[in-house]
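[1] need a structure here:
(2 chains)
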Amino acid sequence: MSKQMTGAEMIVEALKDQGVDTVFGYPGGAVLPIYDAIFQQNHVRHILVRQEGGAAHAAEGYARSTGKVGVLLVTSGPGATNAVTGLTDALMDSIPLVCITGQVPTHLIGSDAFQECDTVGITRHCTKHNYLVRNIEDLPRVLHEAFYVAASGRPGPVVIDMPKDVQFATGAYEKPEIASHKTYKPRVKGDAGRVAEAVAMMAVAKKPIFYTGGGIINSGPKASELIRELVALTGFPITSTLMGLGAYPASGANWLGMLGMHGTYEANHAMHDCDLMICVGARFDDRITGRLDAFAPFSKKIHIDIDPSSINKNVRVDLAIVGDCGNVLTDMIAQWKAAKAAVDKTALAQWWKQIETWRARKSLAYRPSKTKIKPQHAIQRLYEATRGKDCYITTEVGQHQMWAAQYFHFDEPNRWMTSGGLGTMGYGLPAAIGAQMAHPDALVIDIAGDASILMNIQELSTAKQYRAPVKVFILNNQYMGMVRQWQELLHGGRYAESYTDSLPDFVKLAEAYGARGIRCSDPKDLDRAIKEMIDHPGLVIFDCVVEAEENCFPMIPSGKAHNDMLLAELGDDAGLDLGGVIDEKGKMLV
Amino acid sequence: MNAPVTAPLPPSPYSSALGKSNSERHTLSALVDNEPGVLARVVGLFSGRGYNIESLTVAEVAHGEHLSRITIVTSGPPEAIEQITHQLERIVPVHKVTDLTVQKRSIERELAMVKVRGKGDNRMEALRLAEAFRAKTIDATIESFIFELTGAPEKIDDFVELMRPVGLVEFSRTGIAAITRGAEGM
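    Purely as a prediction, here's the structure:
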C-alpha cells in the first residue's frame, strides 16, 4: 500500500521501516523540512550534537556497539563537510552508516548558493556509495538501497544528499523489498573447495596462528562464537588486530594478545615464525605487517575476507577465501569435523612451548612508581574496577589508545570502539555518547588523552542534555603523547608543538558542563577515585595526571620486522639512544 | 570472485620491494550503470590510488537499460592490475569488469581525425599516405585536409608521425574501444 507524503516525511517513514530508533544530527536551513517531520512523530529519536563531526562519530559508536546501521542527519555545506572526517573514519573501519545531508534546491545546484557544496563530489571518496536525489520518485528506493549498501558485504558509510525542494515535494511511498541490489552483489559464501583446502593445510601445520580482525565483529556475534569454537577445536594460538579485540576473549587460553606495532612480543614473534597464518577478517594493514619483505617469511597464508580487493593487496596469500567470516567459519568447522581432521599434536605442543618462552619476556611489563601514576597502571586499575560490569569502552587516538588496547581486556565483541584505520583524534567522546544512547544502563567509558579530548570537547554538552552518564577517563600527560614519543624516536627529542600549554582545568571544565570532575595524581588515591567515577550516576570527567614522558612499548619501529621489537626495558636503559633505533628508510614511513 | 592461487608469489602492489620493470599494459572493460557521477567514481579511483590511465573511453551501450561501457587502458605490474580490477568491482554501480588483455583474444580500435595543412608536394604526399593507410578525407580546403582514420592505436601513432613533416596541424583521437573475439560477450 503506497501512501502520499512529502520527501521529508518519506525519510522519517523509511527510518521507521528500517527499525532506526535514534538519529544523530544538527539542523540547518537545508534540512528544516526533515526536522519538521521528525518533530511531528515519536518513533525516531533525534540526538542533537554540538558539531556535525560529533554526529558522525556518535553514529559510529551507536553502530559498533549494536551491529546496526548508524544514522546521522546534517545540513548542506558546512554541515556536510564537518561530517567528512567521520565518514572517512567509517569507511576505513568498515562501519555501516547512513548520512542524510541537506542540499540547496535543485534549481540552485551549481550556482554557489548559500551553504552549497558539492556534497556527492566531496564524499565520493570517503563513502562506500552516495546519492543525490533529484526526483521524489527515486527517494523511497534510494533510502532503502542506502541501508542495504551500508550494511551488506563489507559495511561502510552511504550519503544521501537531499535537495530542499525534493524534501517538500510530494510522492508515493511504499517500503520496497530490497533483497538484493542490481549491481552490488557481495559474495558471502566461501568456496567449499577452498575451505577444504584450508582445513587440509591446518591439519598439517606445525606452527599455526589465527590472525583475526574487525571482519569477525562486523559479521555479527555468531562469528565470534565460531572463532572460539574453531580455536578450541584446533588448539591453535590466536591474535587479533586493534579492530578485532573481543572476538576471542582476552581471558581465553589461546589468546596471545594484540599484534602489530604495539602488540605483544609473543603475538608478533608467533606471527613471524609461524608456518601457517589463518587471517580471518583482517586486511594486512601496515600497522600489522611492519616491514613487508620480512613479514612472516616462513608461512603459508590463508586469507578469509568479504572484500576481494583486500586479497593480495598488501601481502600475497596462498589461499584466498572470499566470503563472510561467519559463513566461512561455519563451513570450516563443519568440514574440520566431517574430515575428522586432527592437528599435529607433538608439533603444536612444541610450538606452544616456544610461544611460552616469548611470553616469558613479559613485554607488557613496565617500571612501577609509588609517586606518579603510570598510565599503564591507570588502565589496569580501571579494568579491574569495571570487571563484571556491563561495560563499553571507546578511545581517542594516541598512546592512551594503545595502552587501553594492551591493558584493558575484552571478553565480548562490540564492547570496544576505537578509530583504527583513520586514527581520528576526537572520536572517543561522541562515540561514547552514541554507545550510551544504545545502551542507556551500561557503563560507557571514553579512555582519552588530554590532547584528543579537546578535539570534540563540545560534545559534553550533548551528553549533558541527554543525561548520558558517560565517563571520560583522561590520561593527562600534557603532551600529544604519541607525537612526543615519535619525536623522541625520530627527531632527537625536539618536541615541536607536542606539548600542550594552557590545558583547561578539566575539573572546572566538567563543572561548567554540569558534570562531576575528579582529579587524581597520586597512585595511592587511584582506586578510590576510579570507584567514585564509576559510582557517580552521571557524566564524569576524570583527570588522571600520569607520568608525562612514559613511552608506549612494546613497539615495532617503522620499517622493522615483527621479530625486531623494542621493549620497555630497553627504553629504561639510561644512555640508550632511542633516536638510533629507526633507520633512515624507516623514518620515511609513518 | 576468488583470486587464483598462484606460485611463485610476486610481491604485493604496495610492497616497497616492488620493481618497476615488470609493468604491463592492460585494457580493462567495465560495464556500468549510466548514472550521474559514475565516470567520476572510476576516474577518481585511479587518481586516488595512484594508478595510471593511458586511455579512457566511455559511451552508453544499452540505452533502455542505461548501461555504459568504459574502456580503460592502464599499466602496472600484474598484481597492481589485479588490484585495480577488484577496486573497480567495489564501485556500487559497476556491473562487471573484464581484463581484456588477460583474455588475449581481444581487438582494440581507435578513431582519429587528423588535420594537415600544406601546398604542392606536401599536399600530394599527405594524400598518398592517407590512401596507403586507408584514411578517409572528410574535409578539404585549398590548403588543408582532414583525414579520418580507424585502426589499432599503433597504426594511428604511425600515421600521425608520418603527417608531421607534411604539415600536421592537430589531431583528435577517441581513445581505445576494445572487445573480445568470438561469440561470447564480456
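
[2] skipping adjacent residues, who's closest to residue A:126 in space?
    residue A:88 (4.0 Å; C-beta to C-beta, 6 or more residues apart in numbering or on different chains). C-beta coordinates here come from the backbone N, C-alpha and C atoms, glycine included.

[3] count of residues packed around that neighbour?
    When counting by other C-beta atoms under 10 Å in any protein chain shown, one arrives at 19 neighbours for residue A:88.

[4] gap between it and residue A:156?
    10 Å (C-beta to C-beta, to the nearest Å).

[5] the residue nearest to residue A:126 sits in which helix or strand?
    In this structure, residue A:88 is located in helix A:78-92 according to DSSP states H and E.

[6] tell me the first helix or strand C-terminal of that helix.
    Criterion used, DSSP H and E; the element after helix A:78-92 is strand A:97-103.

[7] what are the buried residues along that following strand?
    A:97-103 (16 or more other C-beta atoms under 10 Å in any protein chain shown).

[8] and if you look at stretch A:400-417?
    A:400-410, A:413-417.

[9] among the residues you listed, which are in strands?
    Counting by DSSP state E, the buried residues of stretch A:400-417 place A:416-417 in strands.

[10] show me what contacts the residue of the stretch 301-450 of chain A found nearest chain B?
    The minimum distance from the stretch 301-450 of chain A to chain B, using C-beta to the nearest C-beta, falls at residue A:309 (3.7 Å). Applying C-beta atoms under 8 Å, 6 or more residues apart in numbering or on different chains to residue A:309 gives the contacts B:83, B:86-87, B:89-90.

[11] any of those residues buried? List them.
    Buried subset of these (neighbour count, 16+ other C-beta under 10 Å): B:83, B:86-87, B:89-90.

[12] and those residues, which is closest to chain A?
    residue B:86 (3.7 Å).

[13] could you verify that the closest one is part of a helix?
    Yes - assessed with DSSP: H, G, I helix; E, B strand; the rest coil, residue B:86 lies in a helix.

[14] chain neighbours aside, what residue packs nearest to it?
    Once flanking residues are discounted, residue B:86 sits nearest to residue A:309: 3.7 Å by C-beta to C-beta, 6+ apart.

[15] quick one: what helix or strand has the residue of the stretch 451-590 of chain A found nearest chain B in it?
    Closest to chain B within the stretch 451-590 of chain A is residue A:585: 8.2 Å, counting by C-beta to the nearest C-beta. Applying DSSP H and E as the criterion places residue A:585 in helix A:584-588.

[16] who does that helix touch, helix- and strand-wise?
    Under the contact criterion of 3 or more C-beta pairs under 8 Å, 6 or more residues apart in numbering or on different chains; DSSP states H and E, helix A:584-588 touches no helix or strand at all.

[17] ok, residues contacting that helix?
    Residues contacting helix A:584-588 (C-beta under 8 Å, 6+ apart): A:490, A:557-560.

[18] which parts of the stretch 151-300 of chain A are strands?
    A:157-163, A:170-173, A:208-212, A:238-240, A:255-258, A:276-280, A:300-305 (DSSP state E, counting those that start in this stretch).

[19] so can I have a markdown table of these showing distance to chain B and mean pLDDT?
    Converted to a markdown table, the strands of the stretch 151-300 of chain A look like this (distance: least, C-beta to the nearest C-beta, whole Å; pLDDT from 0 to 100):
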| stretch | distance to chain B | mean pLDDT |
| --- | --- | --- |
| strand A:157-163 | 9 | 98 |
| strand A:170-173 | 19 | 98 |
| strand A:208-212 | 16 | 98 |
| strand A:238-240 | 21 | 98 |
| strand A:255-258 | 23 | 98 |
| strand A:276-280 | 13 | 98 |
| strand A:300-305 | 9 | 98 |
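
[20] mean neighbour count added to these, as a markdown table?
    Output for those, formatted as a markdown table (neighbours: other C-beta atoms under 10 Å in any protein chain shown):
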| stretch | mean neighbour count |
| --- | --- |
| strand A:157-163 | 28 |
| strand A:170-173 | 17 |
| strand A:208-212 | 28 |
| strand A:238-240 | 29 |
| strand A:255-258 | 22 |
| strand A:276-280 | 26 |
| strand A:300-305 | 25 |
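
[21] make CSV from the ones you listed and add distance to residue B:116 to it.
    Putting the strands of the stretch 151-300 of chain A into CSV (distance: least, C-beta to C-beta, whole Å) gives the following:
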stretch, distance to residue B:116
strand A:157-163, 48
strand A:170-173, 57
strand A:208-212, 63
strand A:238-240, 67
strand A:255-258, 68
strand A:276-280, 59
strand A:300-305, 55
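
[22] all helices for chain B, in order.
    Using DSSP state H, the helices of chain B run over B:38-49, B:78-90, B:100-103, B:121-132, B:153-163.

[23] residue contacts, residue 165?
    You didn't say which chain, so I picked chain A. Contact analysis of residue A:165 by C-beta under 8 Å, 6+ apart lists A:105-107.

[24] not quite, I wanted chain B
    The contact partners of residue B:165, by C-beta under 8 Å, 6+ apart, come to residue B:122.

[25] report pLDDT for residue 167.
    Here I'm looking at chain A. pLDDT recorded at residue A:167 is 98.

[26] sorry, I should have been clearer: chain B.
    Per-residue pLDDT puts residue B:167 at 96.

[27] count residues in the vicinity of the residue nearest to it when sequence neighbours are not counted, would you?
    Distances taken as C-beta to C-beta, 6+ apart place residue B:118 nearest to residue B:167, at 3.4 Å, with adjacent residues excluded. If you count neighbours by other C-beta under 10 Å, residue B:118 ends up with 19.

[28] and the gap between the closest residue to residue B:95 other than its chain neighbours and residue B:88?
    Of all residues not flanking residue B:95 in the chain, residue B:31 sits nearest, at 4.4 Å (C-beta to C-beta, 6+ apart). Distance from residue B:31 to residue B:88, counting by C-beta to C-beta: 11 Å.

[29] how close does the residue of chain B most remote from its centre sit to residue B:131?
    Centroid-distance maximum for chain B: residue B:120 at 35.7 Å, with C-alpha atoms, centre = their mean. With distances taken as C-beta to C-beta, residue B:120 is found 18 Å from residue B:131.

[30] okay, now the unreliable bits of the chain?
    No chain in the question, so chain A it is. Scanning chain A for pLDDT under 70 picks out A:570-580.

[31] that's the other chain; I wanted chain B
    For chain B, the ranges with pLDDT under 70 are B:1-21.

[32] quick one: contacts for residue A:451?
    Per C-beta under 8 Å, 6+ apart, neighbours of residue A:451: A:398, A:425, A:479-481, A:500.

[33] that older thread, could you say which of the helices of chain B is packed most deeply?
    Comparing the helices of chain B by mean neighbour count (mean count of other C-beta atoms under 10 Å in any protein chain shown), helix B:78-90 ranks first with a mean of 21.
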